[in-house]
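K.L.:
Build me a model:
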Amino acid sequence: MSFTSLPTNTFASFSSSKISSNISSAPSLPLSLMYNSLLVVEVLIGLPAIKATLFVDVASPFTFVPGNYRRYNSLSSSKMNATDALCVKPLITDLDQFCRYSDGDGARAAVYLFDFFLNLDVHKPLPFAWGNFPGGTDPEDFLDGILGLGSGHPVSLVEQLHNTTLGRFSYCIPATLMPSENSSSNRAAPTLDFGVEATIRGQGWINTTLVRGTIGAYYLNVTSILVQDRPLVVKPELFWPNRGSGGFILQSRFPYTQLLPQVYDSLKQAVIAYFWQLYKVDPLTQPVSEHLDLCHDLRHFRQGGGPEFHAPSIQPELEFGAALLELPITFMEDFPEVNETCLMVIPLDPGKDRSFLGTVQQVGHRFLVDIHTSTLSFSPNQC
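P.N.:
I've put the predicted structure just below:
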């Protein structure tokens, strides 16, 4: 894994006035969706700048770049002292009285402070962790690290860069890996935007309450999941955050929505019942589609004489004040190459206790997070 170093004169044309001007204009970064559903951006860090390819994590406030910091000596950085006000758990003090990230699960990283980020002189040093990633593993070979956009910890970039971000950001997940030449005119280029650039354009956008819970995560105020306009028979509190566990969060690191086992089982049974009642079709016992648990054979619906196939309507219900809103996203997807239509939801792994909305269900929507007004806005067909 290597970094792309930019020449020192990248910043040669920056005068003090130009730097101040650049700060007032919030950055807008091109956003890509990789084959494994990771959202990816390229950012500039340090002086002289290095260009790092990072995947976006909206559920964590921590930014990581792997490896030994000696590979790159930034003139605008310093190691964070343990006495720094930003050095609070899970950041800890190491033997040399410097600050270090440690999650107790194999991830250890020294924390460095940078004065330059995204080509901006940010006036106060921003924390970046250099070392092993959470879980003790590195991401894909083509990635250099993680850009954390979560809140709830002093190191949060969204909050540290408040003069630029205004405590808000938006992103839109593209439906394809590369922009289509035939894209409709109402679709904007996929971007990650901050501050005044973070907006929802067009019509049909919706606001809902954003619940801030444990470190990093943005909780959706989900009250139930509707299948054909009928709520699942589960306890509503399974969707609520409770002392650092439970709840339903916005996630950008995993492709599929994952639900607590009891919620997933109820959803699975409702989908099975839908297919049987309308089409008299049972689910496949051994789906070909990798990682997915519930699939039906598309050939049953392609044969002549049968009823026209319609996937079941599945929508989370969100609370916003006294109103209940439905999030218009897709939970079923066809895989014609293997003749299967599948539920794009899986149960949470053992030991996990927070349901989350995966990137597959966010495709084709723009999401705007505003941590100061505690609102989440979203609109379809924005990229």
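K.L.:
can you tell me which helix or strand H300 belongs to?
P.N.:
H300 belongs to helix 299-302 when assigned by DSSP states H and E.
K.L.:
now swap in T199 and tell me
P.N.:
Per DSSP H and E, there is no helix or strand for T199.
K.L.:
next one: A311
P.N.:
A311 belongs to no helix or strand, assigned by DSSP H and E.
K.L.:
Just give the nearest non-adjacent residue to it, would you?
P.N.:
M332 (4.0 Å; C-beta to C-beta, 6 or more residues apart in numbering). All C-beta spots, glycine's among them, are computed from the backbone N, C-alpha and C.
K.L.:
Tell me where the stretch 101-250 of the chain has strands.
P.N.:
For the stretch 101-250 of the chain, the strands defined by DSSP state E, counting those that start in this stretch occupy 108-117, 120-131, 145-148, 168-172, 191-194, 206-212, 218-220, 222-227, 230-231, 241-242, 245-246, 248-250.
K.L.:
The fourth one packs against which elements?
P.N.:
Packed against strand 168-172, as judged by 3 or more C-beta pairs under 8 Å, 6 or more residues apart in numbering; DSSP states H and E, are the following elements: strand 191-194, strand 365-370.
K.L.:
now that strand, how far from the centre of its chain.
P.N.:
The chain centroid and the centroid of strand 168-172 are separated by 10 Å, computed with C-alpha atoms, centre = their mean, to the nearest Å.
K.L.:
Return it as PDB; C-alpha atoms alone will do.
P.N.:
Taking Å, rounded to 0.1, in the frame of the first residue of the first chain, the C-alpha atoms of strand 168-172 are listed here in PDB:
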ATOM      1  CA  ARG A 168     -23.600  19.000   8.400                       C
ATOM      2  CA  PHE A 169     -22.700  16.800   5.500                       C
ATOM      3  CA  SER A 170     -24.500  15.100   2.700                       C
ATOM      4  CA  TYR A 171     -23.700  12.200   0.300                       C
ATOM      5  CA  CYS A 172     -25.400  10.400  -2.500                       C
END
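K.L.:
Can you give the contact residues for that strand?
P.N.:
The contact list for strand 168-172 (C-beta atoms under 8 Å, 6 or more residues apart in numbering) reads 31, 39, 56, 58, 149, 158, 188, 190-195, 197-200, 252, 365-372, 377, 382-383.
K.L.:
now it and strand 365-370, what's the angle there?
P.N.:
For strand 168-172 against strand 365-370, the angle by axes from the mean of the first three to the mean of the last three C-alpha atoms, to 10 degrees is 170 degrees.
K.L.:
what pairs with strand 168-172, and is each one parallel or antiparallel?
P.N.:
strand 191-194 (antiparallel), strand 365-370 (antiparallel) (DSSP bridges).
K.L.:
and F275, which of the strands of the stretch 101-250 of the chain is closest to it?
P.N.:
Closest to F275 of the strands of the stretch 101-250 of the chain is strand 222-227 (C-beta to C-beta; 11.4 Å).
K.L.:
any residues touching that closest one, and which ones?
P.N.:
Counting by C-beta under 8 Å, 6+ apart, 231-232, 234, 236, 239, 248, 263, 267, 270-271, 274, 312-319, 324, 326, 355 sit against strand 222-227.
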